[in-house]
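In: After the sequence you'll find the predicted model.
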Amino acid sequence: MATSTAQALPDSGLKRNVGFIGLIWASTGSIIGSGWLFGSQEALKTAGPAAIISWVIGGVAILVLALVHAELGGMFPIAGGTARFPHIAFGGIAGASFGWFSWLQSVTVAPIEVEAMIKYAQHWQFAHPWLHTTTVDGETQQLLTGAGIAVAIVLMAVVTVINLLSVRILANTNSAATWWKVAIPLLVIIVLAFSGFHGSNFTAANGFMPEGAKGILAAVSTSGIIFAFLGFEQADQLAGEAKNPKRDIPRAVIGSVLIGLVIYLLLQVVFLGVLRSNAIQGSWATADFTKYTGPFADIAMAAGITWLAVVIFIDAIISPAGTGLIYVTATSRISYGLSRNGYFPKAFEWTTKQGVPWVGLITAFVIGCACFAPFPSWQGLVSLITSASVLMYAGAPLALGAFRKRIPEVERPYRMPIASVLSPIAFIVANLIILWTGWDTDWKLGVAILIGAVVIILNNVFRGASSVRPRWDWKAAQWLLPYLIGMGLIVFLSDFGPLTHPVFPLWIDILVVAVFSLVIYYWAVNSASPREEILRTAEDVRDVEESSVVEPVRH
């Protein structure tokens, strides 16, 4: 608990005027996003009706990670805390790495939202040439055609141009958009549930659990389940402005995840129950419902509820577009912050007269468009962002363990219960999600990590002597490279890897990940920066936070 030493950490300088409702609404509005449009369909394809179990597993996994962020957000009420907690605990190497993971996660959201818009646009005849249906490894997928990629690039350009002009109008309508995003799924649940529910669907096609435990676990990470829960940390990000953070932040974080879990579970049950028999003949992976480009809208149309389908089509434009706009903005600000910390080239601090980091925006546009080539489907992009997000989140339990060991006396508005147990479990959970994402996605993420390392190294070499020089604490981050390489090897050798006869079959691979995670966890905690360095870095972060208003830089 707090002692006199607690004064070593600086005051955030923020006004504490956000109550419980504001906190829980911030997280809930982020959780209930465009993921609901496709999550039920993709999970049912992968796990069959047992997708219900997948949603529960995903919700519990995110809840454990959320509790970690609740404590850290109270200690360090700073923007972008998820990426900056490891920087405080482990210095520059970890800070640059987790900052890059954060940027990867952010830059891939807008392409996902664009693809969501294109898939639901298939309701109209003119959009049909943008997608083609194919079978990949026995699974039906809708992939972007050449024309579809061109349209996606145009939509990305529109989002980017709007950001270059102004995003203030979008910010002013955020509250209304949040109400809309939560209300529409609830409306869909109620209306479809009373349109005709078939309990026999739960054992139809090739059974309740056609792919066994592997299908259930794979659905957690590859079908949009974890992606759907992303955003829980928004209450955590507002910790410095909470009226009563000790009471309200854990309630908001836990409450938002539980609200999201209930809504997504009901959506999954309703989606499954209202499917007509001719849509689920054969197997869950290849039945006719897998070809739906607008899953809930198509079901509403089949049930004769045209007005509901129209509402869903409108939502399929508003929600993804709004989220895409916000994340393109966030991506440019992340790269701006990484540049100020000395990790990215100085050009990312160049801004327009309106204070918009235009280099970051253009880079986000280019990388976002590049995502359409290696991941020409919504599900493929979701797999990538899930891995990048979980890598970003994985740093939080390590930071919490380091802070409990190095600065235990510092005041924590909220203390996670039995942290000595839940913190390493949270790290294990993060790594299990990476495992379940599979090698096909993880190896591409590995390439992206290598590119980030090259960018950071080259920037450090050519940035110039007068520029900001990060504190590269190699000793405190000695565990990082073995962690990344080790996880890659485990995934490759596991049942989720490319080997016909995996070295680590199902359940054994889970045990290996758990043991490996514990080794890395305690290695990282015991090699964290010294107490004085942690406090000094926290002070530096506060200074950057207070001076991070984006000012025009003329070029």
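Out: Now that the structure is in, tell me what you want to look at. Computed from a predicted model, the values in this text were never measured in an experiment.
In: ok, how many other residues are close to residue 160?
Out: When neighbours are counted by other C-beta atoms under 10 Å, residue 160 registers 22. Placement of C-beta: from N, CA and C, glycine included.
In: which parts of the strand or helix carrying residue 522 are buried?
Out: Residue 522 belongs to helix 508-526 when elements are defined using DSSP states H and E. For helix 508-526, the neighbour count (16 or more other C-beta atoms under 10 Å) marks 509, 510, 512, 513, 514, 516, 517, 520, 521, 524, 525 as buried.
In: Which residue, other than its chain neighbours, is closest to the first one?
Out: Spatial nearest neighbour of residue 509, excluding adjacent residues (C-beta to C-beta, 6 or more residues apart in numbering): residue 494 at 3.7 Å.
In: Give me the distance between that neighbour and residue 212.
Out: 15 Å (C-beta to C-beta, to the nearest Å).
In: who has more neighbours, the two?
Out: Comparing residue 494 with residue 212 by neighbour count (other C-beta under 10 Å), the higher total belongs to residue 494, at 24 against 13.
In: partner residues bridging that one?
Out: Beta-bridge partners recorded for residue 494 (DSSP bridges): residue 504.
In: now the strands: where do they sit in this protein?
Out: 131-136, 139-144 (DSSP state E).
In: residues making contact with the helix holding residue 522?
Out: 90, 397-398, 401-402, 405, 423-424, 427-428, 431-432, 435, 478-479, 482-483, 486-487, 490, 493-496, 502, 504 (C-beta atoms under 8 Å, 6 or more residues apart in numbering).
In: pLDDT of that helix, averaged?
Out: In this model, helix 508-526 has a mean pLDDT of 96.
In: Use 651 as the first number for this chain going forward.
Out: Sounds good: first residue 651 from here, last item helix 1158-1176.
In: buried stuff in stretch 934-953?
Out: Applying 16+ other C-beta under 10 Å to stretch 934-953 flags 934-937, 939-940, 942-953 as buried.
In: quick one: terminal-to-terminal distance for it?
Out: 21 Å (C-alpha to C-alpha, to the nearest Å).
In: Any idea how far that stretch is from the middle of the chain?
Out: 26 Å (C-alpha atoms, centre = their mean, to the nearest Å).
In: How about stretch 859-870?
Out: 21 Å.
In: do the same with stretch 903-915
Out: That offset, for stretch 903-915, works out to 16 Å (C-alpha atoms, centre = their mean).
In: Can you report how many residues neighbour residue 670?
Out: Residue 670, neighbours per other C-beta under 10 Å, totals 17.
In: packing partners for the longest helix belonging to the chain?
Out: Assignment by DSSP state H gives helix 956-990 as the longest helix of the chain. If contacts are counted by 3 or more C-beta pairs under 8 Å, 6 or more residues apart in numbering; DSSP states H and E, helix 956-990 sits against helix 742-757, helix 759-770, helix 796-815, helix 818-822, helix 824-843, helix 945-952, helix 1008-1021.
In: tell me the angle that helix makes with helix 742-757.
Out: Helix 956-990 and helix 742-757 are oriented at 150 degrees to each other (axes from the mean of the first three to the mean of the last three C-alpha atoms, to 10 degrees).
In: in helix 956-990, what's buried?
Out: 958-959, 961-963, 965-966, 969-990.
In: Next up, the contacts around the closest residue in space to residue 962 that isn't next to it in sequence.
Out: Among residues not flanking residue 962 along the chain, residue 947 sits closest, at 4.2 Å (C-beta to C-beta, 6+ apart). Taking C-beta under 8 Å, 6+ apart as the criterion, residue 947 is in contact with 770, 773, 958, 959, 962, 963, 966.
In: 6 Å instead, please
Out: 959, 962, 963 (C-beta atoms under 6 Å, 6 or more residues apart in numbering).
In: Take the residues you listed and write them to JSON lines, including pLDDT.
Out: Output for the contacts of residue 947, formatted as JSON lines (pLDDT from 0 to 100):
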{"residue": "959", "pLDDT": "92"}
{"residue": "962", "pLDDT": "91"}
{"residue": "963", "pLDDT": "89"}
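In: tell me which of those is nearest to residue 672?
Out: Distance to residue 672 across the contacts of residue 947 (C-beta to C-beta) is lowest for residue 962, with 28.2 Å.
In: what's the angle from the longest helix of the chain to helix 1008-1021?
Out: Using the same axes, to 10 degrees: helix 956-990 against helix 1008-1021 is 130 degrees.
In: Perfect, that will be all.
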